[in-house]
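1. What follows is a predicted protein model with its sequence.
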Protein chains: 2
Amino acid sequence: MRMTKLFPRTRYGEVGAAMTAAHSFLLKAGFIKQLAPGSYILLPLGFRVWRQIQAIVWDVMESHDVQNLQLPILQPQELWLKTERWDKYTGTKVMFETTERHTGAKFGLAPTAEEVVTQLAAETIDSYRDLPVIWHQIGWKFRDEIRPRHGLLRCREFDMSDAYSFDRDQAGMQKSFDLFRLIYTEIFQRVGLTNCINVQADSGAIGGKGSSEFMAVSEEGGEDILLTCPTCNYGANAEKATSVVPTPTPQSKPSATMRLEYTPNTRTVEDLVKLFPDLDATRMVKTIILTADEELGPSQSYQVAVCIRGDLEINIIKLKNALSAQSVEPAKPDVVRAVTGADVGFAGPIGLQNVRAILFDRSVEGLINILCGGNKTEHHFLDVVPGRDFAAPECYFDLHLAVAGHTCPECKMGLLQESHGIEVGHIFMLQSLYTDKMGATYKGEDGKPHPLWMGCYGIGTTRLMQAIVEQNRDKDGIIWPVSVAPFRVEIIPVKYDNPDQRKVSDTLYERLAGRGIPVLLDDRESLQGGAKFKDADLIGCPWRITVGRRAAEGIVELRNRRTQEVTELGLEDVINRF
Amino acid sequence: MRMTKLFPRTRYGEVGAAMTAAHSFLLKAGFIKQLAPGSYILLPLGFRVWRQIQAIVWDVMESHDVQNLQLPILQPQELWLKTERWDKYTGTKVMFETTERHTGAKFGLAPTAEEVVTQLAAETIDSYRDLPVIWHQIGWKFRDEIRPRHGLLRCREFDMSDAYSFDRDQAGMQKSFDLFRLIYTEIFQRVGLTNCINVQADSGAIGGKGSSEFMAVSEEGGEDILLTCPTCNYGANAEKATSVVPTPTPQSKPSATMRLEYTPNTRTVEDLVKLFPDLDATRMVKTIILTADEELGPSQSYQVAVCIRGDLEINIIKLKNALSAQSVEPAKPDVVRAVTGADVGFAGPIGLQNVRAILFDRSVEGLINILCGGNKTEHHFLDVVPGRDFAAPECYFDLHLAVAGHTCPECKMGLLQESHGIEVGHIFMLQSLYTDKMGATYKGEDGKPHPLWMGCYGIGTTRLMQAIVEQNRDKDGIIWPVSVAPFRVEIIPVKYDNPDQRKVSDTLYERLAGRGIPVLLDDRESLQGGAKFKDADLIGCPWRITVGRRAAEGIVELRNRRTQEVTELGLEDVINRF
């Protein structure tokens, strides 16, 4: 393509201060343009990259006999009622909905497609002989994000490769799940993600038992916090991670009795540590009052308390899962006062009654002679012994947030390290969660119907574009991997109005294009060398051919965008390089 | 691909009696499956065809320097308010809408994209030096159809290739418009439409001055009626077509006076011709009362009367355009009674007052001594002279429906012929209709802003799939053109469990696939020859290789699906054919 035909081209006026490098490069170089918050136009350059990402995804899927198809965007409400997700998805404001005016029928705008494919499975899969069935599509998805942000990472409208497997039993499901781990690894390698790790993840609204995320590691652009063990293979999203926490020095024997003390200005654990220098935070128990919402049915909120060791924080996602709640958040101050009779900061398990439940984190197990809130403003209990001074819990939960420095929960040796990543893929084992509800069965050898075992798998193809840039860039711009580059090579005549340079550039352009090489020719006469080089570095084609002062001799420069290595070559040689 | 991996495969149970051959073949052969009325899943075979159609479209666009991009589906309401189309599109129930719950912002689901691209043009086009700019995308479109029907032809959700051109003046717009006539002709030829004609069309809700449709001619499957002249190049959609109507014998002099006659049982022109055998229908004037709705603003209906010669019918689309109305339909009987004081069938222009306007079709011009309704039940006026007996119209309109047998309006020689077609493409000259409203200008050589001249162009890519089948089929199934076939060749071992046949089939499959030939191998052991051949004819790959009793000798049969010609060939020969 000729640069004078490419429109719009690079622009420099649109980037904001808070943007990551990848996001701002994509905007500045003219790959994307925002239409509305969380909604982007893929401009000609971005379109070319995106289409190549799609082609790689389709190709890998097909090479593993996955069946490519295309599902509608408007999904009938009736399917979502069958799985009991309509209220959940519209109630939490995740799913956009629309109404067919002529009939009043409601539709959700695909946020995912479990319902539609499970219906397809129910209608088409007959027998165990048909299995496994694995379907894949690439299609636009919609989520009513509260705060769309970070460019292509958190969008209202985004493109997704989503696949769904149907098997006869758990072993089959596991096999399909493992196949997708392989497929995804292959895809991420082929599109040029150099640092992509697979971590345990929370399954969120998709549900099922066990899910695993593929994370493009990026300290600057990563939205998610990852915890990995340098000793073993353990890795998890911080939302999901567990850890072995440092144990406090055990107390040899229980105190004689607990006591209530006046503790002025002690709303936080830090304040208390100052007030009681001999008392470590690991011997304090924080009690936090939270408000949760029911997952299903008419939304009704209730209060719970969580007791956790003073040196740890609550992982809200884990708490939400433990409660099967739709949402959980710290209770408002007036609610805390109503529940505990005290200001925020002084809640404690002793005598606490106006909550649906008190949940104890594992970190509290075995502690004695602890400090906890007095349910009285500016008062705490000291030397408290659980089981004696308040009812000992029947069970403990894993509710604490794992952080760097905690011990790995698998090998129990390495100390967890923190990094940041962009979620580029997520694979789920759904078992028969959806197929049971939608009556999707197969006939076994016994002639009887059995539920299908299902898995689902997703790659955000538009966000993948930004993740690739996060991992392939320098200070000047993008460095596209060859496999997804908008053009393999850009030809830059330093001065296109110089007859020698024009002739050589045109010849190169036509011959390379004639060989099917995607090639961009910067044929602008209004710009010269430096300005064109700057644009070329920003756009980031893997190779640049500079046609300059030695054009008359038939000599040009071939430059590698990544290594910045430059070679002088004759015309035939440079053509033969491609 | 192996047939045992392809899923779902051919199915026979789903077709309805009223379906066209193309629709039922696509369903039976497993190319598509309905999810909801007007909404189809593209199954693996359909997906492959659709992706090849898309590839051809992108390729042709790129070869003409059209810039491919991708626009969002959710279109902000504010853009549609600027062009004053929000009320029109949501009011006529054409556009689906949705609301962002967090902000209350409204969005339309792309039925087309003039607003979004015009906004992009306004934000990116600076100067005359940027022009022309032509953008193209392929994306899903949504229309809240009253009655989705005819398979992929009239869908609630469908894929469309839509392009938009921006030029500096009318001549530029015309050039871009002509370019798209060329591009579309090339695309339709490449996808294998053998009989595709270009006709004048009504611009509908898109508006602008002048539009032209590409029609895949199909007597069985065509939804639109086309009128073409065998003598010159004239062709038009019946919605748009004009014609020269047969002229009646002129009346030499006006009658002395008109008279009102009792005409029992004469609701129709046919009844009147029976009652007055000497009076030809061309000397009668029908007066039809219709109810129209305002195009913009709060919907308000009003009545109009149309006077037209007795042998002709009204073209409602033309009337709607003449009135700039949102909708027009025959008035209900009680409205007719209220307006005329008579039952339906007796309206006339004499003394008619309770209508906003009386519109006269051109066919009425110059008639004298006519018969018309008496505005009194079972009464007609005879020997009426316009201008004497009622006010002569100031102007006449082209409101009649052209039909086969009328004279061509261009060459005035040929008699129009009627055929049926599927609209596969539609190109529009929009002038500055949208760019004026959205402030999309360019800076001219004079340094001042000038409005951009716009064109827009659309191909229904999913309906194109069905149109291709309409023109490429026989009684046994589909005959795919090579360019869009799901597989170029299907290998059929008569008995896959025969070791010789299996070996030859597998070898052929691997070697052809290795050459990059899309190949399908019917490796089912549960079926034999005849049943497999039946499926193969239905699916319609251009070539079939039958591996049968001469497999052991290395001899196979190559069969052309279209000509049904069969050749016996050795393995190497058959491979070299591809």
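-> Sure thing, it's come through. Numbering: from 1, shown residues only, chains lettered A, B, ... in the order given.

2. The stretch 51-200 of chain A: helices as residue ranges?
-> Ranges of helices in the stretch 51-200 of chain A, per DSSP state H, counting those that start in this stretch, are A:77-82, A:86-91, A:114-124, A:170-190.

3. Can I get those helices in a markdown table including mean pLDDT, distance to chain B and mean neighbour count?
-> C-betas here are computed from N, CA, C, even on glycine. Formatted as a markdown table, those follow (pLDDT from 0 to 100; distance: least, Cβ to the nearest Cβ, whole Å; neighbours: other Cβ atoms under 10 Å in any protein chain shown):
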| stretch | mean pLDDT | distance to chain B | mean neighbour count |
| --- | --- | --- | --- |
| helix A:77-82 | 96 | 9 | 18 |
| helix A:86-91 | 87 | 8 | 18 |
| helix A:114-124 | 97 | 4 | 23 |
| helix A:170-190 | 97 | 13 | 18 |
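
4. got those helices as TSV, with distance to B:G529 columns?
-> As requested, those are exported to TSV (distance: least, Cβ to Cβ, whole Å):
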stretch	distance to B:G529
helix A:77-82	40
helix A:86-91	49
helix A:114-124	25
helix A:170-190	32
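
5. Out of those helices, the one nearest A:P333 is which?
-> Proximity to A:P333 (Cβ to Cβ) singles out helix A:86-91 among the helices of the stretch 51-200 of chain A, at 26.4 Å.

6. Please name every helix or strand in contact with the closest one.
-> On a contact count with 3 or more Cβ pairs under 8 Å, 6 or more residues apart in numbering or on different chains; DSSP states H and E, helix A:86-91 meets helix A:77-82, strand A:106-109.

7. phi, psi of A:T228?
-> phi -130, psi 150 (degrees, to the nearest 10).

8. Over in the stretch 301-450 of chain A, which residue gets nearest chain B? Let me know.
-> Residue of the stretch 301-450 of chain A nearest chain B, by Cβ to the nearest Cβ: A:Y442 (12.2 Å).

9. what about that residue, is that helix, strand or coil?
-> strand (DSSP: H, G, I helix; E, B strand; the rest coil).

10. Surely it touches A:T124?
-> No - with contact defined as Cβ atoms under 8 Å, A:Y442 does not reach A:T124; the gap is 10.5 Å.

11. mind listing the helices for chain A?
-> A:21-28, A:44-63, A:77-82, A:86-91, A:114-124, A:170-190, A:269-275, A:316-323, A:333-340, A:433-438, A:461-471, A:499-514, A:529-539, A:571-576 (DSSP state H).

12. would JSON lines of those helices with distance to B:N375 be doable?
-> JSON lines is the format used below for those (distance: least, Cβ to Cβ, whole Å):
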{"stretch": "helix A:21-28", "distance to B:N375": "68"}
{"stretch": "helix A:44-63", "distance to B:N375": "63"}
{"stretch": "helix A:77-82", "distance to B:N375": "52"}
{"stretch": "helix A:86-91", "distance to B:N375": "56"}
{"stretch": "helix A:114-124", "distance to B:N375": "58"}
{"stretch": "helix A:170-190", "distance to B:N375": "76"}
{"stretch": "helix A:269-275", "distance to B:N375": "93"}
{"stretch": "helix A:316-323", "distance to B:N375": "75"}
{"stretch": "helix A:333-340", "distance to B:N375": "76"}
{"stretch": "helix A:433-438", "distance to B:N375": "63"}
{"stretch": "helix A:461-471", "distance to B:N375": "65"}
{"stretch": "helix A:499-514", "distance to B:N375": "73"}
{"stretch": "helix A:529-539", "distance to B:N375": "74"}
{"stretch": "helix A:571-576", "distance to B:N375": "85"}
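
13. wait, which of the ones you listed is closest to B:L193?
-> Nearest to B:L193, of those and by Cβ to Cβ, is helix A:44-63 at 24.8 Å.

14. Could you give the separation of the closest one from the chain centroid?
-> 20 Å (Cα atoms, centre = their mean, to the nearest Å).

15. Could you give me the buried positions within that helix?
-> Of the residues in helix A:44-63, those buried under the neighbour-count criterion (16 or more other Cβ atoms under 10 Å in any protein chain shown) are A:44-54, A:56-58, A:60-62.

16. Could you do stretch A:387-395 as well?
-> So, applying 16+ other Cβ under 10 Å, buried residues of stretch A:387-395: A:D389, A:F390, A:P393.

17. what about that stretch, average pLDDT?
-> Per-residue pLDDT over stretch A:387-395 has a mean of 92.

18. okay, how far is it across it, tip to tip?
-> 13 Å (Cα to Cα, to the nearest Å).

19. where does chain A have low pLDDT?
-> A:12-14, A:17, A:295-299 (pLDDT under 70).

20. Can you check which strand is longest in it?
-> Secondary structure of chain A read by DSSP state E shows that its longest strand is strand A:417-431.

21. residue contacts, the residue of the stretch 301-450 of chain A closest to chain B?
-> By Cβ atoms under 8 Å, 6 or more residues apart in numbering or on different chains, the contact set of A:Y442 is A:I125, A:D126, A:S127, A:Y128, A:D130, A:L131, A:F166, A:R168, A:P449, A:H450, A:L452.

22. can you check A:P248 too?
-> A:D280, A:T282, A:R283, A:L367.

23. likewise A:F428?
-> A:F428 touches A:S203, A:I206, A:G207, A:G208, A:G210, A:S211, A:G455, A:C456, A:Y457, counting by Cβ under 8 Å, 6+ apart.
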